[in-house]
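Novice: Here is the input, now give the coordinates:
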Amino acid sequence: MEMAGTPNKYRIYINDTSSDITNTNVVAKQYKMMRENQTYDYALRMKLDNTDRLQSGNGIQMRVIDAILELDDFYDLSDPDMSLSNVHHLFQTAESMRNAGKDEWFQLTGLIHDLGKIMFLNGRAVDGTSVDAQWGVVGDTYILGCRLQNDKVFPEFDELCPDMNDNKMNTKLGVYHTGHGIMNCTFTWGHDEYLYDVIKYNRSIGNVSDKFPIMADNIIRLHSLYPYHTYDKYSEFESVDGTDAKIKKYVQDFNKYDLYTKVDKKVNIEELKEYYVIDMS
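Specialist: Numbering: from 1, shown residues only. Predicted coordinates for the structure are as follows:
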């Protein structure tokens, strides 16, 4: 599989600032609800709830390939680049990495990077985690607890975030400080944070191979943080030891295969499973 396109063919968002956005612009509606509902307190609550669920063993347990196949029923309402279900995007991303000769751990990261979207299986509309209300699942992520910096994707909606009325959170630094560390900030809740926490927990109990490096976790967590890795926002929070800068380079490399391989052409999943699935039974 070749790289599917160039930057000017992707992430084309049609602005619609009307007060009654309808389904004629599903993407704009999605981002409007995200800015209205994604607050610092909401993100902290969702992360805590997920951590409690993992530690109590009350979450859904399934094989990775089975979870991947569940995404054949999920269509990302925030994505202007692809109309197919998410399962095809996962294999497209991984295949582009395999064809480019990337390491197997990098290919696996590509295959599972959006797997957190399976939270829709137990999702709730009130939390934005259902099939119909996805504002707590998908979309570009951004840092909460400080002034929003979504300059490239519907910036007109930033003022709708309730946190922007809080003097502790509507400044450039907000609740953080210079050099706070990107990975120490609170991000909008969604599939990235969900999967990052799931993998982190499974590492803690010995369920993740050492062949799958922690850098993969970082890529998964940051791959939707476009204001940071693509538009150079939040540099004031970067760690002084250079760790964040190193992670950013990996994410930027990953982004070439994640974003620019999206095509509305189904992949042969059964055929590709022969390469990607290891029978552990």
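
Novice: all helices in the stretch 51-200 of the chain, in order from the N-terminus.
Specialist: Ranges of helices in the stretch 51-200 of the chain, per DSSP state H, counting those that start in this stretch, are 64-70, 86-99, 104-112, 191-204.

Novice: outside of the third one, which residues touch it?
Specialist: Identification of contacts with helix 104-112 by C-beta atoms under 8 Å, 6 or more residues apart in numbering yields 64, 68, 90-91, 93-94, 96-98, 102, 195, 211-213, 216, 219-220, 254, 257-258, 276. To be clear about C-beta, it is placed using only N, CA and C from the backbone, and glycine gets the same treatment.

Novice: Likewise for the second one?
Specialist: Outside helix 86-99, the residues that touch it by C-beta under 8 Å, 6+ apart are 1-4, 68-69, 71-72, 74-76, 82, 106-108, 110-115, 117, 257-258, 261-263, 265-267, 269, 272, 275-276.

Novice: Could you pick out the buried ones from the residues you listed?
Specialist: Buried by 16 or more other C-beta atoms under 10 Å: 1, 4, 68-69, 71, 74-76, 82, 106-108, 110-115, 117, 257-258, 261-263, 267, 269, 272, 276, out of the contacts of helix 86-99.

Novice: helix or strand for the residue lying closest to Ile182 once chain neighbours are set aside, which one?
Specialist: Spatially, and ignoring its direct neighbours in sequence, Ile182 is nearest to Asp244 (4.4 Å; C-beta to C-beta, 6 or more residues apart in numbering). Here Asp244 sits within helix 243-259, counting by DSSP states H and E.

Novice: Off-centre distance for that helix?
Specialist: The chain centroid and the centroid of helix 243-259 are separated by 13 Å under C-alpha atoms, centre = their mean, to the nearest Å.

Novice: and Val131, backbone torsions?
Specialist: In terms of degrees, to the nearest 10, the main-chain angles of Val131 are phi -60, psi -40.

Novice: so it touches Phe120, yeah?
Specialist: Yes - with contacts counted by C-beta atoms under 8 Å, Val131 reaches Phe120, the gap being 5.4 Å.

Novice: list residues touching both of these two?
Specialist: Both Val131 and Phe120 are in contact with Phe74, where contact means C-beta under 8 Å, 6+ apart.

Novice: Which secondary structure state does Val263 sit in?
Specialist: At Val263 the chain is in coil, as set by DSSP: H, G, I helix; E, B strand; the rest coil.

Novice: Asn150: what's it in contact with?
Specialist: Contact partners of Asn150, counting by C-beta under 8 Å, 6+ apart, are Arg35, Asp140, Tyr142, Phe157, Asp158, Pro227.

Novice: for those residues, which one is nearest Ser56?
Specialist: Nearest to Ser56 among the contacts of Asn150 is Tyr142, at 29.7 Å by C-beta to C-beta.

Novice: how about the closest one, what does it touch?
Specialist: Contacts of Tyr142 by C-beta under 8 Å, 6+ apart are Leu148, Gln149, Asn150, Phe187, Thr188, Leu225, Pro227.

Novice: What does the pLDDT read for Lys273?
Specialist: For Lys273, the pLDDT comes out at 90.

Novice: which stretch of helix or strand covers it?
Specialist: helix 269-276.

Novice: Give me the contact list for that helix.
Specialist: Ile65, Leu69, Val87, His88, Phe91, Ala94, Glu95, Arg98, Leu111.

Novice: Kindly recompute the last result at 6 Å.
Specialist: For helix 269-276, the external contacting residues (C-beta atoms under 6 Å, 6 or more residues apart in numbering) are Phe91.

Novice: centre of the chain versus that helix, how much separation?
Specialist: Distance, stretch centre to chain centre, for helix 269-276: 24 Å (C-alpha atoms, centre = their mean).
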